[in-house]
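Engineer: Structure for the following, please:
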Amino acid sequence: MSEDASSKKRSDLPMLLDPGTKGGALFLSLVLFIIPIIVYEVATLGLGFDGIETGKWIGVGFTVLTTVLWVGTYIFRVATKDMTYAKQLKDYENAVIAKRLEELDEDEIQALVEDIERDDF
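Structural biologist: This next block holds a predicted model:
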């Protein structure tokens, strides 16, 4: 009743877009580094804003935006119990139940199944 590595869920995203992989983390870091530079260049060269003021506001805006997004993902993971501790606890509980089930005799297992079936009705 133990899970093997092939049954764990995998992401359908390509390696460079999956933040759970090293390639995805590297790609995401690169994109988050380049986006403010592009916005700065467009604002200063394309729209003619002052470079110092533009840099200040892009820095503040980017920091606030990324912080709000990070906190949002954290709250979402907590709300859905998609945290490392919760996963480890669930895996541990399942392993304990599986181990106890392996130690039971066939008669005891049959009695438990009958008890569960009786409770379902």
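
Engineer: Please work out the average pLDDT along the helix or strand where residue 71 lies.
Structural biologist: In this assignment (DSSP states H and E), residue 71 forms part of helix 51-79. Mean pLDDT, computed over helix 51-79, is 93.

Engineer: wait, isn't residue 83 in contact with residue 74?
Structural biologist: No - Residue 83 is beyond contact range of residue 74, at 9.1 Å (criterion: CB atoms under 8 Å). The C-beta positions use only the backbone N, C-alpha and C, and glycine is treated the same way.

Engineer: how about residue 82, secondary structure?
Structural biologist: coil (DSSP: H, G, I helix; E, B strand; the rest coil).

Engineer: if I pick it, what's in contact with it?
Structural biologist: For residue 82, the contact set (CB atoms under 8 Å, 6 or more residues apart in numbering) comprises residue 76.

Engineer: Check the one 10 residues further on too.
Structural biologist: With contacts taken as CB under 8 Å, 6+ apart, residue 92 has no neighbouring residues.

Engineer: how about the residue sitting furthest away from the middle of the chain, secondary structure?
Structural biologist: The outermost residue of the chain, judged against the average C-alpha position, is residue 107 (42.3 Å), by CA atoms, centre = their mean. Three-state call for residue 107 (three-state DSSP): helix.

Engineer: And the pLDDT at it?
Structural biologist: pLDDT, read off for residue 107, is 88.

Engineer: who touches it in this structure?
Structural biologist: Residue 107 touches nothing, counting by CB under 8 Å, 6+ apart.

Engineer: got it, and the one 10 residues further on?
Structural biologist: Taking CB under 8 Å, 6+ apart as the contact definition, residue 117 lies against nothing.

Engineer: Output the helix or strand it falls within as CSV - backbone C-alpha positions only.
Structural biologist: Using DSSP H and E, residue 117 falls within helix 106-120. Extracted C-alpha coordinates of helix 106-120, given in CSV (Å, rounded to 0.1, in the frame of the first residue of the first chain):
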residue,chain,number,x,y,z
GLU,A,106,-7.2,-12.0,7.8
ASP,A,107,-10.0,-12.5,10.4
GLU,A,108,-9.3,-9.1,12.0
ILE,A,109,-9.3,-7.4,8.5
GLN,A,110,-12.6,-9.2,7.6
ALA,A,111,-14.1,-8.0,10.9
LEU,A,112,-13.1,-4.4,10.2
VAL,A,113,-14.5,-4.5,6.7
GLU,A,114,-17.8,-5.9,8.0
ASP,A,115,-17.9,-3.2,10.7
ILE,A,116,-17.2,-0.5,8.1
GLU,A,117,-19.9,-1.9,5.8
ARG,A,118,-22.4,-1.9,8.7
ASP,A,119,-21.6,1.7,9.5
ASP,A,120,-22.1,2.8,5.9
